[in-house]
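**Q** Provide a 3D model corresponding to the input given below.
(2 chains)
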Amino acid sequence: MKNLMNCLVASAAVLALAQQGRIVFKDKRSDPTLQIEGNKGMVEPDNRFELDGNVVIRQPKEGFVMTCASAKGDLVKVSGKDAAGKTVSRTEIDNVKLTGSVKMNQQVESGTSEFTCASADYSLDGALKKIKLNGGIKLVQKGSTAAKQGFTVTGSSANATLRKKGNGSDLSTATVNGPIVFDGSEVYKNPTGTHLRQVSAKSDSLTYTRNDDATAQVVMRGNIELKQSTAEDDGPEIIGAQTITFDLNVQGNVIRVRLSAGEGNIKTVYKKKGNA
Amino acid sequence: MKYLILALALALALTSCGGKKEGGNASDTNKATNEATNKPDSEFDNQALVTGPGKASRTVKFWDVEYQLSNGLDLNGKWQGTVSDVKGVVYVGGQIAYSFQSKSTFIPSASDRLYISGLITLTAENGAPQITKTDSERITWLPESSKFVPGWPNRPESRGFRDDSTPGRLSRSKHLWDIEWQSANLFIKQIDLQGKKSSKQFGTMKGVKGVVYDNGQIASTFSAELAEAFEADDRLKLSGKVVLTAIEIDKKDNSKKTTVLKANDVTWDPVQKRYVASGAVEVDGPSGYLAPTDKVFATSNLDKIATSEDYFKK
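**A** Below is the predicted model of the structure:
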């Protein structure tokens, strides 16, 4: 017990030392709109920054967090009027290059967009956040409530835009280069009611477009493989389509699947779960 | 305890507070005064002890030249041009390191270099390394690295001129910092630099405040419980509740932007133009807030903060 306590005390001391040595910059001492930190680095306020080691970049009021091994970017001072008409200024990231185990997380009222990749470029363009992702990318879009809401896309590279809405930013568009794997939940009805089943698809490329009413479309192209499965069956596997279009509801679940054959033939194979 | 402090002060023979007179002549004088006696330090006997309030400033000299003819003009408040039939001296660490003669010397306004040419003779002084090869027709004195190099690297173009056949002299120096103290354990020692009288102080100053300069302009002010000044490299070490304040005037609306750095210890290195702050370092100002951290490096006006010197080299 004594050894365990010693161990815990030592661990806490190491953690405290590690935290103490970090460089943490906020655009304001209290209630910041931007906070950047790393194990080591440099900050020129209103100008630029370089950070290395467990880098965390937060925009707390927008629910946006980026983490990575190294970041190098430019800062920009933005002025505007507050509710009382008083001129206020805040610091924003104009652009930043992120490298090493990059993770971006945008939380909004309707859910969460999360990107992971090897390296990324982020830039601000008016109301849009533009993100270029490279190397083993993964995009996870989650709804705000139920566990089975949303979808996951993996690919080799991607371009995405987040559009400012309210306090946060919604995923607006994404173009992903393959090989692509899309995993989502599809709403279907049977005599017992409305259910969700897993929908999984592979392709060469994918585009995501969010509509003004928060519904969205996912279009996948090239070397399509589609599989829909429930707890009861693995059923159907579809190959040979040229494109698949998924219509998504506001929760990010698939509500309609459209297939286009092009010049090829679409083949559908139904299998019972457990059958070869 | 008192004797211990005095003994420590004596042991710190390398630390000093030697201010030098700005501009003008080749002699090395000290601007420090002691308010308790109101005597300039040159009137103190060797190894006098100063304990009352006082002040000092540190200025580093680069060179002095005397000439017979000149051809140039003022550029941004500094003279730039060519002087002819030149005799001059260059300084390293406050001492004359070399004397030289040349047919002509170009003096830039943007740097403190000397671009020397024609019938050059160089003499090492005060133990400076001898330069055996002086037959180059063009050499340049680089005060930033305290050495002569062959050729004229980065010599600016001459712009405009005004002939003057009146002999004259020019010098370049840099004001590094001013300091005031409430009390001190300072020893002022008369020294003789090969015939040139000078004085040095060493010890600790208490209850200090002062100003740090960068390129002749006030970059920031400071206050601290203790200060030590170092003779060898003109560093100023502050400790105990150190507060640095940088004030920037916004040219658009003349508003003041005040940035404050607080730390347990801060050293100002005038050669690298860098503050090194350690112990609960915190920076706060209108451009942002740096949460307390162990150690940072900062520019003279606190507009760049880094955890390592490497970030200034990129």
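**Q** Pull the contacting residues for the residue in the stretch 101-250 of chain A positioned nearest to chain B.
**A** Distances between the stretch 101-250 of chain A and chain B by CB to the nearest CB are smallest at residue A:124, namely 17.5 Å. Where C-beta positions appear, they are placed from N, C-alpha and C, glycine not excepted. Shown in contact with residue A:124 (CB atoms under 8 Å, 6 or more residues apart in numbering or on different chains): A:76, A:92, A:93, A:94, A:95, A:130.
**Q** cutoff 6 Å now
**A** When contacts are counted by CB atoms under 6 Å, 6 or more residues apart in numbering or on different chains, residue A:124 is found next to A:92, A:94.
**Q** Determine the three-state secondary structure at it.
**A** Recorded secondary structure, residue A:124: strand (DSSP: H, G, I helix; E, B strand; the rest coil).
**Q** and it, bridged to which residues?
**A** Beta bridges link residue A:124 to residue A:129, judged by DSSP bridges.
**Q** which residues in chain A form helices?
**A** Taking DSSP state H, the helices of chain A run over residues A:2-20.
**Q** which parts of it sit against chain B?
**A** Taking CB under 6 Å from any CB of the partner chain as the criterion, chain A approaches chain B at residues A:20-21, A:23-27, A:29, A:40-46.
**Q** and these, which are buried?
**A** Neighbour counting with 16 or more other CB atoms under 10 Å in any protein chain shown marks A:23, A:24, A:25, A:26, A:27, A:40, A:41, A:42, A:43, A:44, A:45, A:46 as buried within those.
**Q** Give me the lowest-pLDDT entry from those residues.
**A** Across these, the bottom pLDDT score, 85, is held by residue A:46.
**Q** one step back: which one among the residues of chain A next to chain B gets closest to residue A:57?
**A** Nearest to residue A:57 among the residues of chain A next to chain B is residue A:25, at 10.1 Å by CB to CB.
**Q** mind checking how far that closest one is from residue A:43?
**A** Distance of residue A:25 to residue A:43, computed by CB to CB, to the nearest Å: 5 Å.
**Q** next one: residue A:120
**A** Applying CB to CB, the value for residue A:120 to residue A:43 is 20 Å.
**Q** Next: residue A:123.
**A** Taken as CB to CB, the span from residue A:123 to residue A:43 is 19 Å.
**Q** beta partners for residue B:87?
**A** As for beta bridges, residue B:87 partners with residue B:66, residue B:101 under DSSP bridges.
**Q** what about it, how many neighbours?
**A** Using other CB atoms under 10 Å in any protein chain shown, residue B:87 has 16 neighbouring residues.
**Q** which residues of the chain score low on pLDDT?
**A** Just so you know, I chose chain A. The model of chain A has pLDDT under 70 over residues A:1-20, A:145-148, A:166-168, A:270-276.
**Q** Wait, chain B was what I had in mind.
**A** By pLDDT under 70, the low-scoring segments of chain B are B:1-51, B:132-136, B:160, B:186-203, B:231-232, B:314.
**Q** Show me what from it comes close to chain A.
**A** Counting by CB under 6 Å from any CB, chain B comes close to chain A at B:284, B:287-291, B:293-294, B:304-308, B:311.
**Q** and with 10 Å instead?
**A** Applying CB under 10 Å from any CB of the partner chain, we find that chain B lies next to chain A at B:257, B:259, B:280-297, B:299, B:302-308, B:310-312, B:314.
**Q** from those residues, which ones fall inside helices?
**A** Among the residues of chain B next to chain A, the ones falling in helices (DSSP H) are B:310, B:311, B:312.
**Q** burial of the second one, as a residue count?
**A** Other residues near residue B:311 come to 20 when the count uses other CB under 10 Å.
**Q** distance of it from residue B:171?
**A** Separation of residue B:311 from residue B:171 (CB to CB): 35 Å.
**Q** Could you do the last one as well?
**A** Residue B:312 is 30 Å from residue B:171, where distance means CB to CB.
**Q** of these two, who's got more company?
**A** Between residue B:312 and residue B:171, residue B:171 has the larger neighbour count (other CB under 10 Å), namely 18 against 15.
**Q** List the beta-bridge partners for the closest residue to residue A:67 other than its chain neighbours.
**A** Spatially, and ignoring its direct neighbours in sequence, residue A:67 is nearest to residue A:103 (4.7 Å; CB to CB, 6 or more residues apart in numbering or on different chains). Assessed by DSSP bridges, residue A:103 has beta-bridge partners residue A:67, residue A:116.
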